[in-house]
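**Student:** predicted coordinates and the sequence they were generated for:
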Amino acid sequence: MLDYQLQGLFSVVELARVRAAAEPRLYGDVLRRAAEVALVGAVGFFEAFCKHQFAALLTLYPALLAQFASRRIEASLRLLTLASAPGELDKTLGFLIAEAHDFGSAKLVNGLFRDLLDVTPFSKEEGGELDAILRKRHLIVHHGGILTSAAAAKEGAVLPSGEAFRDVVGVEADEYHDVGEFLLLLAVKAAVTTVQGLKRHSHDLADLAPDRRAAVELLLRAVWDAVEA
């Protein structure tokens, strides 16, 4: 679904480009604002994808919980959360556990999938690029795009040479397209890597019932294409 969602955001930016062309005086500002909104949405969709991938894998193969719990001994779920879970608990437990964890950085996502499946989807370089996108999204959402002293002080921050509280972080339309494509590639890589990890743990899915094996394969299917693991 992530490719479908990102394509929708691409369309938002391109519609803004068409609309802005009719108002040359506002062209740059309108397009930048649309690109900012699209970037914020893309990051949200990507984080949701990572969280739902984790939840789906744990739901499809609950035996993974033993390893995850042994590596996250401080983790817990409130009894009220369990009691209020909709439907059968075995179909929602993975999502409840995912909901209780933070997927807001490359390091956190790698750590969660490492503890669940012994895989880390993102390389150091990919993680650095993703975290730069996340920092920019944070500045836009929480500071109106104004560069903060904390961001300015970071090595490799969004605008490392800028002056805090004065410079504004912007997103150009072409930059958004690059970000969207990068996030989609990361999602494909995460899907393949985590399904490969599940296959190793479940003896190439032999431990799963037929309907669950079919569901695992669906995790690799995109809107227009499919990938293999």
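**Tutor:** All right, it came through fine.

**Student:** tell me what the longest helix that the chain contains is packed against?
**Tutor:** The residue-count maximum for a helix in the chain (DSSP state H) belongs to helix 27-60. Identification of packing neighbours for helix 27-60 by 3 or more CB pairs under 8 Å, 6 or more residues apart in numbering; DSSP states H and E yields helix 2-21, helix 64-71, helix 93-99, helix 106-117, helix 124-143, helix 173-201, helix 210-218. Any C-beta I mention is one placed from the backbone N, CA and C, and that applies to glycine too.

**Student:** and of those helices, who's closest to Leu57?
**Tutor:** Closest approach to Leu57 among the helices and strands packed on helix 27-60 (CB to CB): helix 173-201, 5.4 Å.

**Student:** tell me the angle the closest one makes with helix 210-218.
**Tutor:** 150 degrees (axes from the mean of the first three to the mean of the last three CA atoms, to 10 degrees).

**Student:** quick one: helix 173-201 to chain centroid distance?
**Tutor:** 9 Å (CA atoms, centre = their mean, to the nearest Å).

**Student:** elements contacting it?
**Tutor:** Using 3+ CB pairs under 8 Å, 6+ apart, helix 173-201 is in contact with helix 2-21, helix 27-60, helix 106-117, helix 124-143.

**Student:** possible to save the helices and strands packed on helix 27-60 as CSV with distance to Ala35, mean pLDDT and mean neighbour count?
**Tutor:** Formatted as CSV, these follow (distance: least, CB to CB, whole Å; pLDDT from 0 to 100; neighbours: other CB atoms under 10 Å):
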stretch, distance to Ala35, mean pLDDT, mean neighbour count
helix 2-21, 6, 59, 16
helix 64-71, 38, 92, 14
helix 93-99, 29, 88, 19
helix 106-117, 22, 97, 20
helix 124-143, 10, 89, 17
helix 173-201, 4, 91, 18
helix 210-218, 32, 90, 12
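
**Student:** could you dump those into a markdown table and include distance to Leu31?
**Tutor:** Shown next, in a markdown table, are the helices and strands packed on helix 27-60 (distance: least, CB to CB, whole Å):
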| stretch | distance to Leu31 |
| --- | --- |
| helix 2-21 | 5 |
| helix 64-71 | 44 |
| helix 93-99 | 35 |
| helix 106-117 | 28 |
| helix 124-143 | 15 |
| helix 173-201 | 5 |
| helix 210-218 | 37 |
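
**Student:** relative to Asp29, which of these is closest?
**Tutor:** Shortest distance between Asp29 and the helices and strands packed on helix 27-60, using CB to CB, is found for helix 2-21: 8.1 Å.

**Student:** quick one: distance of stretch 121-139 to the chain centre.
**Tutor:** For stretch 121-139, the distance to the chain centre is 10 Å (CA atoms, centre = their mean).

**Student:** hang on, the earlier thing: for Glu175, which of the helices and strands packed on helix 173-201 is the nearest?
**Tutor:** helix 27-60 (6.8 Å).

**Student:** state the mean pLDDT of that closest one.
**Tutor:** For helix 27-60, mean pLDDT rounds to 86.

**Student:** nearest to Ser76, of the helices and strands packed on helix 173-201?
**Tutor:** Nearest to Ser76 among the helices and strands packed on helix 173-201 is helix 106-117 (15.0 Å), distances taken as CB to CB.

**Student:** quick one, that closest one and helix 124-143 angle?
**Tutor:** Going by the same axes, to 10 degrees, helix 106-117 is angled at 120 degrees with respect to helix 124-143.

**Student:** so which elements touch helix 106-117?
**Tutor:** Under the contact definition 3+ CB pairs under 8 Å, 6+ apart, helix 106-117 sits against helix 27-60, helix 64-71, helix 124-143, helix 173-201.

**Student:** take the ones you listed and lay them out in a markdown table including distance to Leu208.
**Tutor:** Listed next are the helices and strands packed on helix 106-117 as a markdown table, based on distance: least, CB to CB, whole Å:
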| stretch | distance to Leu208 |
| --- | --- |
| helix 27-60 | 7 |
| helix 64-71 | 12 |
| helix 124-143 | 29 |
| helix 173-201 | 9 |
